[in-house]
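Participant: sequence and predicted structure, then a few things I'm wondering about:
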Amino acid sequence: MMFALLLVGCNGAKNAYVPPPPPKVVVAQPVQKPVTIYLNLTGNTSAFRSVDLVARVQGFLTDIDYVDGAAVKAGIKLFGIERDQYQAQLDQANATLASNQATLAYNTAEYQRQSTLGKQDFASQATVQEWKANDDKSAADVLNAKAAIETAQINLNYTTVSAPFDGVVTRHLVDKGALVGVGSPTKLATIIQLDPVYVYFTMSEPQILEIKVNNAKAGIAFRTTDLSSIPVEIGLQGEEGFPHAGRMDYAAPQVDASTGTLEARAIFDNKERRLLPGLFVRVRTPVGKLDSAILVPDAALGTSQEGRYLLVVGPDNVVQHRNVKTGDREGPYRIIESGIAPGDWVVTEGVQRAIPGAKVDPQQTKLSAEPEKSPEAPAASKDAAKPAPADPAK
């Protein structure tokens, strides 16, 4: 009997509940450093210059002197239109001028002779006036002939279509031998200047007001003129970050009341032709600077019905739930505008194991002030907040 009681006592000791150790989590204090605040926008590239090459005179297309898609220099002949009739018109105009000049010389001499005779009463005043009119008419005919020569020369020049500037010419739209310029100008091709290149984007009314407020704090007046000192960076789809640097070139002088937006333009060097007109681009431009921003890993943030939050471990190793106000991103970090202090220990890893009100075993680490840029996390921008794990206490 005694043996049985001892056995039962032993079994009871083995089955006693032993609480599990607190879960381990990684904690770190926020990073403090100056950061630049960027306005993150979208836009499209546009050619610096784009001109349609047209046939302004009627005739058969006789020459196509370029290869489709070739880069050409300003002044290079691209198309030729038959010029025989226009050369003949120029020759005719020159002949008419020569005839009118001869008539003018005769009428001028005769008018001078009759004027001398009139002063000596050997010719009537009517005769003098008649030769004066003949002389004036001949002078007008000479001017008219000179204008006809200029017109004929212009039409003759139009038979050669040249590149107005350095650029790339699109494929020809009309084949050699086709009749062009009948009734209205005929489009032959388009020439596009690719270096530099423009990027157009729009800013909303709240963004414009934010820029004005930030500039006012910095003592800078917001003007739509002299924008060349404002840097602008862009990135193409598939590119990491914003590898293309340019500058602001233009901003509309007024907000479009129908859309509540203001159009702006930036200019970029494009010597390697990496940027083509019509591309969608990500745009960012600096709008302010924080001298001592508080940053935490963006992955540490959670989202609940109350908004964004962080889990903080107190001195007693108990997890606390902190609602925070977030700002822009800086690489993989997120700026925290309010809700935590620089000395707080924020749960950065093991968030799923950290339950508000429960104890944890914190493993302290230090965050790097200069983290590697995450491909999916451009530097501080006005983009949407990245979703984070839901609050396990909700």
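Facilitator: Nice, thanks for sending it over. Keep in mind that this is a model prediction, so the values were computed, not measured.
Participant: parallel or antiparallel, list what pairs with the longest strand along the chain.
Facilitator: Using DSSP state E, we find that the single longest strand of the chain is strand 31-55. Using DSSP bridges, the strands paired with strand 31-55 in its sheet are strand 186-204 (antiparallel), strand 280-297 (antiparallel).
Participant: okay, buried residues for it please.
Facilitator: For strand 31-55, burial by neighbour count (16 or more other CB atoms under 10 Å) applies to 31, 35, 37-41, 43, 45-48, 53-55. For the C-beta atoms, the positions are set from N, CA and C on the backbone; glycine is no exception.
Participant: what residue is smack in the middle of the chain?
Facilitator: V199 (1.3 Å; CA atoms, centre = their mean).
Participant: so that one makes contact with L236?
Facilitator: No - the criterion here is CB atoms under 8 Å, and V199 misses it with L236 at 10.9 Å.
Participant: next up, the contacts around G246.
Facilitator: 199, 231-234, 266-269 (CB atoms under 8 Å, 6 or more residues apart in numbering).
Participant: rerun that using 7 Å as the cut-off
Facilitator: Under the criterion of CB atoms under 7 Å, 6 or more residues apart in numbering, the neighbours of G246 are 232, 266-268.
Participant: what's the mean pLDDT across the longest strand of the chain?
Facilitator: On average, the pLDDT along strand 31-55 is 92.
Participant: over to stretch 248-264?
Facilitator: Mean per-residue pLDDT for stretch 248-264: 88.
Participant: may I see the buried residues of that stretch?
Facilitator: 248-249, 251, 255, 261-264.
Participant: now, among those, which is nearest to R273?
Facilitator: Nearest to R273 out of these is D249 (CB to CB; 19.1 Å).
Participant: work out for me the element the closest one sits within.
Facilitator: strand 244-251 (DSSP states H and E).
Participant: following that strand, which helix or strand comes up?
Facilitator: strand 261-268.
Participant: CA-only coordinates of that next one in CSV, if you can.
Facilitator: Taking Å, rounded to 0.1, in the frame of the first residue of the first chain, the C-alpha atoms of strand 261-268 are listed here in CSV:
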residue,chain,number,x,y,z
THR,A,261,-3.4,69.9,-61.0
LEU,A,262,-0.4,71.9,-62.1
GLU,A,263,1.7,70.7,-65.0
ALA,A,264,5.4,70.7,-64.6
ARG,A,265,8.3,69.6,-66.9
ALA,A,266,11.9,68.4,-66.3
ILE,A,267,14.7,68.1,-68.7
PHE,A,268,17.3,65.2,-68.8
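Participant: from the contacts of G246, which is closest to G75?
Facilitator: Nearest to G75 out of those is I267 (CB to CB; 24.6 Å).
Participant: still on that earlier bit, which of the contacts of G246 are buried, as a PyMOL select command?
Facilitator: Remark: buried members of the contacts of G246, expressed as a PyMOL selection using 16+ other CB under 10 Å:
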select buried, resi 232+266+267+268
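Participant: so the strand holding D249 versus strand 186-204, what angle?
Facilitator: Angle of strand 244-251 versus strand 186-204, following axes from the mean of the first three to the mean of the last three CA atoms, to 10 degrees, is 90 degrees.
Participant: what pairs with strand 244-251, parallel or antiparallel?
Facilitator: In the sheet, strand 244-251 lines up with strand 231-236 (antiparallel), strand 261-268 (antiparallel) (DSSP bridges).
Participant: to A341, which of those strands lies closest?
Facilitator: strand 231-236 (32.9 Å).
Participant: touching that closest one from outside, list them.
Facilitator: Residues outside strand 231-236 that contact it (CB under 7 Å, 6+ apart) are 199, 241-248, 266, 279, 281-286.
Participant: picking up where we left off before, mind picking the two most distant members of the buried residues of stretch 248-264?
Facilitator: Across these, no pair lies farther apart than D249 and V255, at 18.6 Å, counting by CB to CB.
Participant: output the below-cut-off pLDDT ranges for the stretch 151-300 of the chain.
Facilitator: Counting by pLDDT under 70, the stretch 151-300 of the chain shows low-confidence ranges at 214-226.
Participant: so which residues of the stretch 51-200 of the chain form strands?
Facilitator: 59-64, 71-72, 77-81, 160-162, 167-169, 179-180, 186-204 (DSSP state E, counting those that start in this stretch).
Participant: can you lay out those strands as a markdown table showing distance to K24?
Facilitator: Shown next, in a markdown table, are those (distance: least, CB to CB, whole Å):
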| stretch | distance to K24 |
| --- | --- |
| strand 59-64 | 75 |
| strand 71-72 | 63 |
| strand 77-81 | 73 |
| strand 160-162 | 76 |
| strand 167-169 | 61 |
| strand 179-180 | 80 |
| strand 186-204 | 46 |
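Participant: relative to D141, which of those is closest?
Facilitator: Proximity to D141, assessed across the strands of the stretch 51-200 of the chain by CB to CB, is greatest for strand 59-64 (29.3 Å).
Participant: that closest one: which residues count as buried?
Facilitator: In terms of neighbour count (16+ other CB under 10 Å), strand 59-64 has its buried residues at 59, 61, 64.
Participant: this completes my enquiry, with thanks.
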